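Chemist: Okay, predicted coordinates and the sequence, questions at the end:
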Amino acid sequence: DAKTTQPPSMDCAEGRAANLPCNHSTISGNEYVYWYRQIHSQGPQYIIHGLKNNETNEMASLIITEDRKSSTLILPHATLRDTAVYYCIVRVYNTGNQFYFGTGTSLTVIP
Amino acid sequence: DTAVSQTPKYLVTQMGNDKSIKCEQNLGHDTMYWYKQDSKKFLKIMFSYNNKELIINETVPNRFSPKSPDKAHLNLHINSLELGDSAVYFCASSRVDTEAFFGQGTRLTVV
């Protein structure tokens, strides 16, 4: 049960910022928001995660709303290699807990 | 060094056969997973193991039997293969409080 909602597809011009939204309105206080992406049929690749605060790493930024019911993944300067399916996942830390993948957003970066 | 490695990468077999997919991780993680990605690209959790013990079995047919000889390995054995078992199978590992790392997948084709 994914517990997240994402738009099925988005386009972004190369060099522009890609903003990928995710709704997780039923998130509980101890659940983290994770983002992964999958390029073609490769294994999913971790991007970033956060609990309450906004996070940034070398790949992307994660903006989480104050009520934590939604978040946005930002790829600051999209390249053609960023074309992939992006998954937003909520996860609580306990033994053996898994990462539930929803349907994701298929991002196409256009030259 | 590959963090999570699966073998084989491709597997073509006839209906009714028994086959195994091997997975090894060298990250020192204590939790390992098997996911199935079908033709519709939906990634579904199958099993979760923590310290060699089964934690989650997501209503997978009992023809699928995971085996964890040690924390670094989680193999998937499938009996009496059916056409519907054709999919890409991903192994992954994580700690309780970290992101999961995924293997590159095993594309299983049952003919």
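Modeler: Received it, and whenever you're ready, just let me know what you need.
Chemist: Now chain B against chain A: closest residue?
Modeler: Here chain B gets closest to chain A at one residue, B:I55, 2.8 Å apart by C-beta to the nearest C-beta. (Each C-beta comes from the backbone N, C-alpha and C, glycine too.)
Chemist: Isn't that residue up against B:S48?
Modeler: Yes. Counting by C-beta atoms under 8 Å, B:S48 is a contact partner of B:I55 at 4.6 Å.
Chemist: Neighbour count: those two, which is higher?
Modeler: Using other C-beta atoms under 10 Å in any protein chain shown as the criterion, B:I55 and B:S48 rank with B:S48 on top: 25 against 17.
Chemist: so who does the residue of chain B positioned farthest from its centre touch?
Modeler: Most distant from the centre of chain B: B:D97, at 20.8 Å, with distances by C-alpha atoms, centre = their mean. By C-beta atoms under 8 Å, 6 or more residues apart in numbering or on different chains, the contact set of B:D97 is A:Y93.
Chemist: And what about it, helix, strand or coil?
Modeler: coil (DSSP: H, G, I helix; E, B strand; the rest coil).
Chemist: Which pLDDT value goes with it?
Modeler: As predicted, B:D97 sits at a pLDDT of 82.
Chemist: need the helix or strand of the chain with the lowest average pLDDT.
Modeler: Going with chain A. When the helices and strands of chain A are scored by mean pLDDT, DSSP states H and E, strand A:84-92 comes last with a mean of 91.
Chemist: oops, I was thinking of chain B
Modeler: Within chain B, no helix or strand scores below strand B:53-57, which has a mean of 81 by mean pLDDT, DSSP H and E.
Chemist: for chain B, which residue is closest to the average position?
Modeler: Chain B has B:W34 as the residue nearest its centroid, 3.4 Å off, counting by C-alpha atoms, centre = their mean.
Chemist: tell me the SS of A:H77?
Modeler: Three-state call for A:H77 (three-state DSSP): coil.
Chemist: ok, now how distant is the residue lying closest to it once chain neighbours are set aside from A:Y100?
Modeler: Spatial nearest neighbour of A:H77, excluding adjacent residues (C-beta to C-beta, 6 or more residues apart in numbering or on different chains): A:G15 at 5.8 Å. Taking C-beta to C-beta, to the nearest Å as the measure, A:G15 falls 33 Å from A:Y100.
Chemist: Between the two, which has more neighbouring residues?
Modeler: A:Y100 (17 against 11).
Chemist: which intervals of chain B have sub-threshold pLDDT?
Modeler: Applying pLDDT under 70 to chain B picks out residues B:1.
Chemist: Pull up the residues of it that are close to chain A.
Modeler: B:4, B:31, B:33, B:35, B:37, B:41-45, B:48-50, B:55-56, B:88, B:90, B:92, B:94, B:96-97, B:99-105, B:107 (C-beta under 8 Å from any C-beta of the partner chain).
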